[in-house]
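Novice: Starting from these lines, generate the structure:
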Amino acid sequence: MKAIILAAGEGRRMRPLTNKRPKPLLKINGKPIIDYILESFPTEINEVIISVKYLAGQIKKHVNKKSGFKVKYVLGSDKGSAYSFIAARKHLYDERFLVVQGDDIPHPDDIANCLKKDLSYLTFESHNPQAHGIGYLRKDGSIKKIIEKPKKTTSTLGVNGVMVLNTNIFNYSPTLIRGEYYFSTMIGAFVRDHKVFPVKARDFIGDITTPGDLIRVENILKKSHHR
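Specialist: Numbers count the residues shown, from 1 in each chain. All right, here's what the predicted structure looks like:
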């Protein structure tokens, strides 16, 4: 099975730390973020496709020295995360695959549980729904729709950066929002037509967006001994 890591962004809100280093190579407790991702993959992941652009050479050099996977790289886009994802299309056929955001630290159990479903999305209990994408469920438990940062909501089901999709996702075009094409707009369309089931995260860490988040996540990981 293949996994896609989206690692093309500049990490602007993480500046100045990302002025000379790509966000996936920022270290938490001495380990680059992308190492946490690669180490979370089970044995059934045998090929990794990494979408890179900003300081791509650093990511390639690091991963090529560390990874035991077959790795392919695709050139991401300045137009947004949607087109950085779409760049991986040429390496995918009629198949399921895993997608992980390049600034996420998934628990290995969460990856394994997502792979148990045909199509899935890692979720968490959101205490601030206005700050996250929020999922709404059908009666059968699948995700009916996703609303980004709703002002009012009856759901607290936050969606995370880990999902299992299939190549039907490429039948949907991204939507332009505030000058950028977001991958989340493709997923929102995909879940309306497919049975994508939520998988509750074992211990949700939260977004790694600013330098302060690095310190917060370091403290979380120091208290847990499973990563």
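Novice: quick check, distance from the longest strand anywhere in the chain to the centre of its chain.
Specialist: Secondary structure of the chain per DSSP state E: the longest strand is strand 157-166. With CA atoms, centre = their mean, to the nearest Å as the basis, strand 157-166 stands 7 Å off its chain's centre.
Novice: In space, what's closest to residue 190 - neighbours in sequence excluded?
Specialist: In this structure, residue 190 finds its nearest non-sequential neighbour in residue 169, 5.1 Å apart by CB to CB, 6 or more residues apart in numbering. Just so you know, the C-beta spots here come from the backbone N, C-alpha and C atoms, and that holds for glycine as well.
Novice: Sorry, wrong one. I was asking about residue 74.
Specialist: Residue 74 sits nearest to residue 87 (CB to CB, 6+ apart), 4.1 Å away.
Novice: Next up, the contacts around that neighbour.
Specialist: 51, 74, 75, 76, 77 (CB atoms under 8 Å, 6 or more residues apart in numbering).
Novice: TSV for these, including pLDDT, neighbour count and distance to residue 98?
Specialist: Below are the contacts of residue 87 laid out as TSV (pLDDT from 0 to 100; neighbours: other CB atoms under 10 Å; distance: CB to CB, whole Å):
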residue	pLDDT	neighbour count	distance to residue 98
51	97	25	13
74	97	20	16
75	96	12	20
76	93	25	18
77	91	17	21
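Novice: for the helix or strand hosting residue 85, packing partners?
Specialist: Here residue 85, judged by DSSP states H and E, is contained in helix 81-86. Packing contacts for helix 81-86, counted by 3 or more CB pairs under 8 Å, 6 or more residues apart in numbering; DSSP states H and E, involve strand 2-7, strand 180-181, helix 183-193.
Novice: which residues sit in contact with the nearest residue to residue 126 once chain neighbours are set aside?
Specialist: With sequence-adjacent residues excluded and distances taken as CB to CB, 6+ apart, residue 126 is closest to residue 158, at 3.4 Å. Counting by CB under 8 Å, 6+ apart, residue 158 touches 123, 124, 125, 126, 129, 132, 133, 134, 135, 204.
Novice: Correct me if wrong: the fourth one contacts residue 160.
Specialist: This points to residue 126. No - contact between residue 126 and residue 160 fails when scored by CB atoms under 8 Å: they sit 10.1 Å apart.
Novice: Tell me which of the two has more neighbours.
Specialist: Of the pair residue 126 and residue 160, residue 160 is the one with more neighbours under other CB atoms under 10 Å, namely 25 against 19.
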